[in-house]
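>>> just a sequence and a predicted model for now, questions to come.
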Amino acid sequence: MLKKIAIIGMGYVGVPLSILFAKKKFQLQCYEIDKQKLKNLKIGKSYINHIKDKDFSYLRKSKTEFYNKINKNISRNDFIIICVPTPVKSNLKPDLGYIKTTSELIAKYLVKNQIVILESSTYPGTTDEVLVKILNKSGLIYNKDYFVAYSPEREDPGNKKFTTSKITKIVGCDNNKISNIVQSLYKNIVKNTFKVSNNRTAEAVKLTENIFRSTNIALINELKIIFKKLDINIWEVIEAAATKPFGYMKFEPGPGLGGHCIPIDPFYLIHKAKETGINPNIIELCSKFNNWIPDYTSKEIIKILNRNIKKNTKKILILGIAYKKNIDDIREAPALKIMNNLIKKNVIVDYNDEYVKIIPNLRKYPNFKSRKSVPLTKKNLIRYDAVICITDHSYYDKNKIFKFSKLIIDAKNFFKNKKEKIIKI
Ligand SMILES: NC(=O)c1ccc[n+]([C@@H]2O[C@H](COP(=O)([O-])OP(=O)(O)OC[C@H]3O[C@@H](n4cnc5c(N)ncnc54)[C@H](O)[C@@H]3O)[C@@H](O)[C@H]2O)c1
């Protein structure tokens, strides 16, 4: 008989995971505290742009149970998979609040032989030191009555080539028998699994991957700034360097990083390293440098606007506010910081993003609430003093943008060939 699974947190990670299990006819319980998301789950309506209603309806059509709050029904499952957020606080320290609250509730209803799997990205030691400590409040004995594993989510939202099922699933578990059981579970939905010897190693794998990206992105952005001063086109350098068949991996500069992973995860390891008395100089420097890139981009934009537009009040259109192409996620998106910086400098700013038609209420930028995406028509394009290319969504009609814009400031190499009114930053 197929095992029963509870999935906690129906966001960018929990939803695709649940859909894959539902397609394999697993009996699921999905838990989501956001009432609007829960309502949409129940009627099979997508709230994640790159996942279709059709896929959401797999959950509705299967016998999936939906709950707003963890309750006694969770005891009926063989596996409980946690996919809740792991943000940082304003002082850049890890915020494990969601993991802690979720674990407290699970502990209330934990029963013998249940296996709890944490998928949220976090620092090494969270599973052993935080999750297990809270689950022990159930009175059950860890590794005898109940078990825990860590399996990081490596989802790349919107990536059509590497969808969840095609990405090897890392499984870390201190208990060999349970590790095999967890791998067998995931083998139902992914092509390959890869076993590491314990939870903390699996936690370290995830952070290593994201810190590798963060550090290389910082490096390529620094090279961009240096080469600009030397009158060298970074994009040409990258294209040429990438012809080397070994020892080089292509990273691209841009307006800054965003999303729920790369800007945040390094700070989880920084925190843990400092706890052990190590100062993680390289990781910290690169992460802070990356955080500064949207400010650098904003300053460059202001300089260009002042040099090229002789009006006191400049009016610009930002193209793309999602943190990367073809998705609707604006968490930590550099475009928001850039918009805010420009507004502070009295620039009138509008945006176009078909994936983010309306800006929701954001804690950091309450003044953006309910701003709407401006349609990308000829009439609209000619109204602006400049357009700023931030996120290179595939739907952008470059010929049209080029033809009708007065000035184009390109932070993403939208326009590969240098043309008169395009200024790359
Ligand atoms: N988004 C990505 O691309 C991605 C990729 C890899 C790893 N991750 C990691 O996966 C984790 C989840 O990320 P996400 O992007 O899916 O976040 P998300 O914010 O999209 O989704 C998390 C969901 O959990 C819900 N939630 C919080 N507490 C809950 C509770 N007690 N009960 C039920 N629901 C609860 C939230 O309402 C939210 O809908 C994070 O640790 C993140 O770093 C994310």
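Received it, and whenever you're ready, just let me know what you need.

>>> what's the local residue count around A149?
Neighbours of A149 under the rule other CB atoms under 10 Å: 27. For the C-beta atoms, the positions are set from N, CA and C on the backbone; glycine is no exception.

>>> that one and S179 touch, don't they?
Yes: if you go by CB atoms under 8 Å, A149 and S179 touch, sitting 6.7 Å apart.

>>> anything in contact with each of those two?
Shared contacts of A149 and S179 (CB atoms under 8 Å, 6 or more residues apart in numbering): V171, G172, C173.

>>> what's the pLDDT at the first one?
What that stands for is V171. Turning to V171, the model gives it a pLDDT of 98.

>>> residues touching V132, list them.
For V132, the contacting residues are Y142, V148, by CB under 8 Å, 6+ apart.

>>> same question, the one 3 residues further on
Counting by CB under 8 Å, 6+ apart, L135 makes contact with S103, I106, A107, L110, V116, Y142, Y146, V148.

>>> say whether the ligand is contacted by the strand or helix carrying it.
Here L135 sits within helix 132-135, counting by DSSP states H and E. No: using CB under 6 Å from any ligand atom, helix 132-135 never reaches the ligand; the gap is at least 12.5 Å.

>>> and the helix or strand that that helix is followed by, which residues are buried?
Note on helix 132-135: by DSSP H and E, the next helix or strand toward the C-terminus is strand 147-150. Buried residues in strand 147-150, counting neighbours by 16 or more other CB atoms under 10 Å, are found at F147, V148, A149, Y150.

>>> could I have the helix holding L135 exported to CSV, CA atoms only?
Extracted C-alpha coordinates of helix 132-135, given in CSV (Å, rounded to 0.1, in the frame of the first residue of the first chain):
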residue,chain,number,x,y,z
VAL,A,132,14.7,17.0,17.1
LYS,A,133,14.8,19.0,20.4
ILE,A,134,11.3,20.2,19.8
LEU,A,135,9.9,16.8,18.6
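
>>> quick one: average pLDDT of it?
Mean pLDDT, helix 132-135: 98.

>>> any idea of the pLDDT on whatever residue of the stretch 301-425 of the chain ends up closest to the ligand?
For the stretch 301-425 of the chain, the residue closest to the ligand is D329, as judged by CB to the nearest ligand atom, at 6.8 Å. According to the per-residue confidence, D329 scores 93 in pLDDT.

>>> and for S62?
Looking at S62, its pLDDT is 88.

>>> give me the number of residues near the closest residue in space to it that isn't next to it in sequence?
Once flanking residues are discounted, S62 sits nearest to A22: 4.4 Å by CB to CB, 6 or more residues apart in numbering. Look at A22: counted by other CB under 10 Å, it has 25 neighbours.

>>> is A22 in a helix, a strand, or coil?
Of the three states, A22 takes helix under DSSP: H, G, I helix; E, B strand; the rest coil.

>>> show me the contacts for whichever residue of the stretch 1-150 of the chain sits closest to the ligand.
The ligand sits closest to G11 of the stretch 1-150 of the chain, with a gap of 1.7 Å, by CB to the nearest ligand atom. Listed by CB under 8 Å, 6+ apart, the contact set of G11 reads K37, I48, C83, P85.

>>> among the buried residues of strand 147-150, which pair sits farthest apart?
Largest separation among the buried residues of strand 147-150 by CB to CB: F147 and Y150, giving 11.6 Å.

>>> and for the two, which residues touch both?
When CB under 8 Å, 6+ apart defines a contact, the residues bordering F147 and Y150 alike are C173.

>>> can you map out the strands along the chain?
With strands called from DSSP state E, the chain shows them at 4-8, 27-31, 65-67, 79-82, 115-118, 147-150, 169-172, 193-196, 315-319, 348-352, 386-389, 408-410, 422-424.

>>> nearest to K160, out of those strands?
Of all the strands of the chain, strand 169-172 comes closest under CB to CB, at 19.0 Å.

>>> I'd like the average pLDDT over stretch 43-59.
The pLDDT scores in stretch 43-59 average 91.

>>> that one and the ligand in contact?
No: Stretch 43-59 lies out of reach of the ligand by CB under 6 Å from any ligand atom, never closer than 8.0 Å.

>>> and the nearest residue to S287 once chain neighbours are set aside, how far from the ligand?
Distances taken as CB to CB, 6+ apart put P266 closest to S287, at 4.3 Å, once the chain neighbours are dropped. Going from P266 to the ligand by CB to the nearest ligand atom, to the nearest Å gives 12 Å.

>>> for the lowest-mean-pLDDT helix or strand in the chain, C-alpha coordinates in PDB please.
Here the helix or strand of the chain ranked lowest by mean pLDDT, DSSP states H and E is helix 53-61, holding a mean of 90. Taking C-alpha atoms only, helix 53-61 is exported to PDB below (Å, rounded to 0.1, in the frame of the first residue of the first chain):
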ATOM      1  CA  ASP A  53      -4.300  25.200 -13.000                       C
ATOM      2  CA  LYS A  54      -4.200  21.800 -14.600                       C
ATOM      3  CA  ASP A  55      -1.400  20.700 -12.300                       C
ATOM      4  CA  PHE A  56      -3.000  22.200  -9.300                       C
ATOM      5  CA  SER A  57      -6.200  20.300 -10.100                       C
ATOM      6  CA  TYR A  58      -4.300  17.000  -9.600                       C
ATOM      7  CA  LEU A  59      -4.400  17.800  -5.900                       C
ATOM      8  CA  ARG A  60      -8.100  18.600  -6.000                       C
ATOM      9  CA  LYS A  61      -9.000  15.500  -8.000                       C
END
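
>>> just the angle between it and strand 27-31, please?
Using axes from the mean of the first three to the mean of the last three CA atoms, to 10 degrees, one finds that helix 53-61 and strand 27-31 are set 110 degrees apart in direction.

>>> who's in contact with S46?
Contacts of S46 (CB under 8 Å, 6+ apart): N40, K52, D53, D55, F56.
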